[in-house]
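> Based on what follows, work out the 3D shape:
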Amino acid sequence: MMEKKTNKKSKKELVNITKDMNLGEVVYKYPESAEVLTDYGLHCVGCFANAFDTIEAGAKIHGMSDDEIEEMIDRVNEVINFGE
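Numbers count the residues shown, from 1 in each chain. This next block holds a predicted model:
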């Protein structure tokens, strides 16, 4: 009897960035997030202050609404997880 071989694909664990995460840490760990954040007007990704702010706090300082923040976070997660 022949043994059946299975091809196991390793699944990449999806990243879930949240508005409560530290802005500087997210950009450091996921550099591709910086372009999305700046596209939404969050230009502090390269600023020293990003080490102290959450994504939400930085976005609020720049006048973003809760809906805009949620949309931006969704887009960041898409780019990090799927490269889109």
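
> quick one: pLDDT of residue 55?
According to the predicted model, the pLDDT of residue 55 comes to 95.

> count of neighbours near it?
Residue 55: 27 surrounding residues under other C-beta atoms under 10 Å. Placement of C-beta: from N, CA and C, glycine included.

> just residue 38 next, same as before
Tallying neighbours of residue 38 according to other C-beta under 10 Å, which is how burial is gauged here, yields 14.

> who are the neighbours in contact with the spatially most central residue of the chain?
When C-alpha atoms, centre = their mean is applied to the chain, the residue found nearest the centroid is residue 76 (3.9 Å). Going by C-beta atoms under 8 Å, 6 or more residues apart in numbering, residue 76 touches 17, 26, 30, 33, 36-37.

> Am I right that it sits in a helix?
Yes - with the criterion set as DSSP: H, G, I helix; E, B strand; the rest coil, the secondary structure at residue 76 is a helix.

> Double-check residue 53 against residue 61; I have them as touching.
Yes - at 7.4 Å, residue 53 and residue 61 qualify as touching, with contact defined as C-beta atoms under 8 Å.

> So for these two, which sits in the more crowded spot?
Comparing residue 53 with residue 61 by neighbour count (other C-beta under 10 Å), the higher total belongs to residue 53, at 18 against 12.

> rewinding a little: who touches both of residue 53 and residue 61?
With C-beta under 8 Å, 6+ apart as the test, residue 53 and residue 61 both reach residue 44.

> tell me the contacts of residue 24?
Contact analysis of residue 24 by C-beta under 8 Å, 6+ apart lists 50-53.

> Looking at neighbours, which among these is most surrounded?
Using other C-beta under 10 Å as the contact criterion, the top neighbour count among the contacts of residue 24 goes to residue 50, which has 22 neighbours.

> part of a helix, is it?
Yes - applying three-state DSSP, one finds residue 50 inside a helix.

> Go ahead and confirm it touches residue 57.
No - between residue 50 and residue 57 there is no contact under C-beta under 8 Å: 10.1 Å.

> In CSV, list the C-alpha atoms belonging to stretch 26-42.
Extracted as CSV, the C-alpha positions of stretch 26-42 are listed here (Å, rounded to 0.1, in the frame of the first residue of the first chain):
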residue,chain,number,x,y,z
VAL,A,26,3.6,50.1,14.0
VAL,A,27,5.6,52.0,11.5
TYR,A,28,8.9,50.5,12.8
LYS,A,29,7.5,46.9,12.6
TYR,A,30,5.5,47.4,9.4
PRO,A,31,7.2,50.1,7.3
GLU,A,32,4.7,49.6,4.5
SER,A,33,2.1,51.1,6.8
ALA,A,34,3.8,54.5,6.6
GLU,A,35,2.7,55.2,3.0
VAL,A,36,-1.0,54.5,3.9
LEU,A,37,-0.8,56.7,7.0
THR,A,38,0.7,59.6,5.1
ASP,A,39,-1.9,59.2,2.4
TYR,A,40,-4.5,59.8,5.0
GLY,A,41,-2.7,62.9,6.2
LEU,A,42,-0.9,61.4,9.2
